[in-house]
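> For reference, the sequence and a predicted model appear below.
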Amino acid sequence: MTSLFIHVYLDEDVHVLVADLLQARGFQATTAREVGKLTVPDQEQLAYAASQGMAIVTHNRDDFELLAQEYFAAGTVHAGMIIVVRRSPQEIARRLLAILNDVTADEMANQLRYI
């Protein structure tokens, strides 16, 4: 079954306002705070997002590039990783909207993107 829209999961480093801005545009966005995952290690954040079919959004480039390599080597499936440069929540939301409006959830699966 084809999944059309990407559901994003913002780790604790991404400002929660980003989720509000995406939700205001009709997209699904969940934060680590909402699901009680603050201070959870990156590996667990990614595993949770993958288990829920959500693409993770993070500022943590170094750790998530390594996790992407580990997932690829092990053949483990995830719903996508989006690494964002630190900017204002409005700018991050604007850049995420470009992906959310142009890429399906199926196309995002197992991808690592930078914005």
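Yep, it's here.
> Show me the helices in the protein, by range?
16-24, 42-51, 61-74, 89-102, 105-108 (DSSP state H).
> With mean neighbour count and distance to residue 10 as extra columns, can I get these in a markdown table?
For every residue, glycine as well, the C-beta is placed using N, CA and C. Below are these laid out as a markdown table (neighbours: other C-beta atoms under 10 Å; distance: least, C-beta to C-beta, whole Å):
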| stretch | mean neighbour count | distance to residue 10 |
| --- | --- | --- |
| helix 16-24 | 17 | 6 |
| helix 42-51 | 18 | 10 |
| helix 61-74 | 14 | 13 |
| helix 89-102 | 17 | 9 |
| helix 105-108 | 17 | 15 |
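> which one of those helices lies closest to residue 7?
Proximity to residue 7 (C-beta to C-beta) singles out helix 105-108 among the helices of the chain, at 7.1 Å.
> chain center to the closest one, what's the gap?
12 Å (C-alpha atoms, centre = their mean, to the nearest Å).
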